[in-house]
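1. Sequence first, predicted model second:
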Amino acid sequence: MEVIPEVREFNSDKVSGYDRAKEVKEFDETKTGVKGLVDSGVLKIPKFFIHPQESLQNSKDTSNACLQVPVIDLEGFEGCRRAEIIDGMRAASGMWGFFQVVHHGVPARLLDEMLKGVHRFHEQPKEVRAEWYSRDSKQLVRYFCNGDLLVNKDAANWRDTLAFNFQDSQLDKELIPEVCRQVVSEYIEHMITLKKILAELLSEALGLQSDYLDSIGCMETESLLCHYYPACPEPDLTLGATKHADPSFLTILLQDSVGGLQVLHQNHWVDVPSLQGALVINIGDFIQLISNDKFRSVEHRVLVGGEPRVSVACLFYPSSTNRFTQYAPAKELLTEKNPPRYRATHLSEFMSYFKSRGLDGNSNLSPFKL
């Protein structure tokens, strides 16, 4: 019952005299993120982190046991199991937009080391982290709290991020923080290899040539986001990531064993459980557009709790030469009964729209529907 007054106070800033912009500015200028708040010993989270009740509804609802995110075993994808694997991906991408993969070729050792590397960076002294803090999205390596903090007027997320931009799969190794340099360099190479495998399988799952996604240069740049969700003193008032869909073509996610990721399926929030050695795959907005809604980019969110959580999201985007290339529903998938549902758009236009509004819970694809 105590949640309601706090949320109402947050939603009536003009009446209460609360200056959100001032508090956000002061917080951002510390350059230490949410982890800085936790390290300072806060027992009450700042008001701009408090989410309205409707966003928090069913935060404990993991639906029912019969709703489970599909798990696909990639072992044998080059041989006799290829058709079975493609069928599984087609069903999962069309119904869920999310699935987990095992036997994907990324060593379990590397997965563990990558998670440890994220912990090492975010748990450094605040003065060290602050040196990497930046709101300049053109900076290839940067540390920040909420990419849309200064744009989005809605509640902020209880999350800090270390981001790497591998433009055309390239990034000078010396730009990577030394505390995680080696593991990040090794991890991204495996992500690029796995992406090529997934691109082939998803192309075939769409009924297209296996090299279709590769041929249109839509997944040649990687954005590696190393998220840290500090332990929260009031987890029932906030979220680690509000409801959103990814503006990428495809996302490969590594998560730790803490849990908190949920996907919206059949109007239920369904937990995406941590499976030892598994990676989470989710369809991005651009594949939904190219597939003409055959595959779905679905909304998901992250809950926070009493212990820190880390995850590593690798989002795939077009190459630099294709930044202004027009992407539209694949002509091979269109018929008289299945006309295009979206107009053509390019990455620059799409991301400009996405960044102008932040994670506001609405579909990124709506303005591009015909």
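-> Thanks, I have the structure now. Numbering: from 1, shown residues only.

2. can we go C-alpha only for contacts and neighbour counts from here?
-> Fine.

3. ok, the residue lying closest to F286 once chain neighbours are set aside to Y317 distance?
-> Among residues not flanking F286 along the chain, F249 sits closest, at 4.8 Å (CA to CA, 6 or more residues apart in numbering). To Y317, F249 is 6 Å away according to CA to CA, to the nearest Å.

4. where do the contact lists of those two overlap?
-> 218-219 (CA atoms under 8 Å, 6 or more residues apart in numbering).

5. Compare those two (neighbour count), which wins?
-> Y317 (25 against 22; other CA atoms under 10 Å).

6. Correct me if wrong: that one contacts I216.
-> No. When contacts are counted by CA atoms under 8 Å, Y317 is not listed as touching I216 (11.2 Å).

7. Okay, F286 and K196: tell me how far apart.
-> Applying CA to CA to F286 and K196 gives a distance of 17 Å.

8. cool, and Q167?
-> Q167 is 16 Å from K196, by CA to CA.

9. returning to what we had before: the more surrounded of F286 and K196?
-> Legend: neighbour count by other CA under 10 Å for F286 and K196, higher for F286 (28 against 16).

10. Could I get the pLDDT score of that one?
-> On the pLDDT scale, F286 is placed at 96.

11. Now do the contacts for it.
-> 247-249, 327.

12. So L225 lies in a strand, does it not?
-> Yes. Checked against DSSP: H, G, I helix; E, B strand; the rest coil, L225 lies within a strand.

13. For A91, give its distance to P273.
-> 19 Å.

14. Name the residue in these two with the higher neighbour count.
-> The residue with more neighbours, out of A91 and P273, is P273; 19 against 16, by other CA under 10 Å.

15. tell me which element the more buried one falls in.
-> P273 is part of no helix or strand, with elements assigned from DSSP states H and E.

16. just checking, it touches G259?
-> Yes. In this structure P273 lies within contact range of G259 using CA under 8 Å: 6.4 Å.

17. Only C-alpha atoms, please: export stretch 154-163 in CSV.
-> Extracted C-alpha coordinates of stretch 154-163, given in CSV (Å, rounded to 0.1, in the frame of the first residue of the first chain):
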residue,chain,number,x,y,z
ASP,A,154,9.4,8.6,-17.9
ALA,A,155,11.0,6.7,-15.0
ALA,A,156,14.7,5.7,-15.4
ASN,A,157,15.9,2.1,-15.2
TRP,A,158,18.0,0.7,-12.3
ARG,A,159,20.9,-0.1,-14.6
ASP,A,160,24.4,0.9,-15.7
THR,A,161,26.0,0.0,-19.0
LEU,A,162,29.5,-0.4,-20.5
ALA,A,163,29.0,-0.2,-24.2
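
18. What are the contacting residues of that stretch?
-> 33-35, 48-52, 140-146, 149, 223-230, 232, 238-242, 304, 360.

19. Buried only: go through the residues you listed for me.
-> Taking 16 or more other CA atoms under 10 Å as the criterion, what is buried in those is 33-35, 48-52, 140-146, 149, 223-230, 232, 238-242, 304, 360.

20. quick one: low-confidence ranges for the stretch 1-150 of the chain?
-> 1-16, 58-65 (pLDDT under 70).

21. quick one: the strands in it?
-> Ranges of strands in the stretch 1-150 of the chain, per DSSP state E, counting those that start in this stretch, are 71-73, 98-102, 141-144.

22. Any idea which of the ones you listed gets closest to N282?
-> Closest of the strands of the stretch 1-150 of the chain to N282 is strand 98-102, at 4.4 Å (criterion: CA to CA).

23. What is the closest one packed up against?
-> strand 71-73, helix 82-95, strand 279-283 (3 or more CA pairs under 8 Å, 6 or more residues apart in numbering; DSSP states H and E).

24. Could you please name the strands that strand pairs with and the direction of each pair?
-> strand 71-73 (parallel), strand 279-283 (antiparallel) (DSSP bridges).

25. can you map out the strands along the stretch 251-370 of the chain?
-> Listed in chain order, the strands of the stretch 251-370 of the chain (DSSP E, counting those that start in this stretch) span 261-265, 268-271, 279-283, 300-302, 309-317.

26. So for K294, which of those sits nearest?
-> Among the strands of the stretch 251-370 of the chain, strand 279-283 comes nearest to K294, with 11.0 Å by CA to CA.

27. what angle do the closest one and helix 82-95 make?
-> 60 degrees (axes from the mean of the first three to the mean of the last three CA atoms, to 10 degrees).

28. Please report phi then psi for A241.
-> phi -150, psi 120 (degrees, to the nearest 10).

29. who's in contact with it?
-> Each residue near A241 by CA under 8 Å, 6+ apart is listed here: 157-159, 301-303.

30. Dump these into JSON lines; add pLDDT and distance to L347 as well.
-> As requested, those are exported to JSON lines (pLDDT from 0 to 100; distance: CA to CA, whole Å):
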{"residue": "N157", "pLDDT": "97", "distance to L347": "25"}
{"residue": "W158", "pLDDT": "98", "distance to L347": "28"}
{"residue": "R159", "pLDDT": "98", "distance to L347": "26"}
{"residue": "R301", "pLDDT": "96", "distance to L347": "23"}
{"residue": "V302", "pLDDT": "97", "distance to L347": "26"}
{"residue": "L303", "pLDDT": "96", "distance to L347": "29"}
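
31. Kindly tell me how buried E336 is, as a neighbour count.
-> 6.

32. next one: E75
-> Here the number of neighbours of E75 (other CA under 10 Å) works out to 16.

33. do the same with the one 3 residues further on
-> Residues contacting E78 under the criterion other CA under 10 Å number 12.

34. How about the one 4 residues further on?
-> R82 sits with 15 neighbouring residues when counted by other CA under 10 Å.

35. same thing with the one 5 residues further on?
-> The local packing of D87 (other CA under 10 Å) involves 16 other residues.
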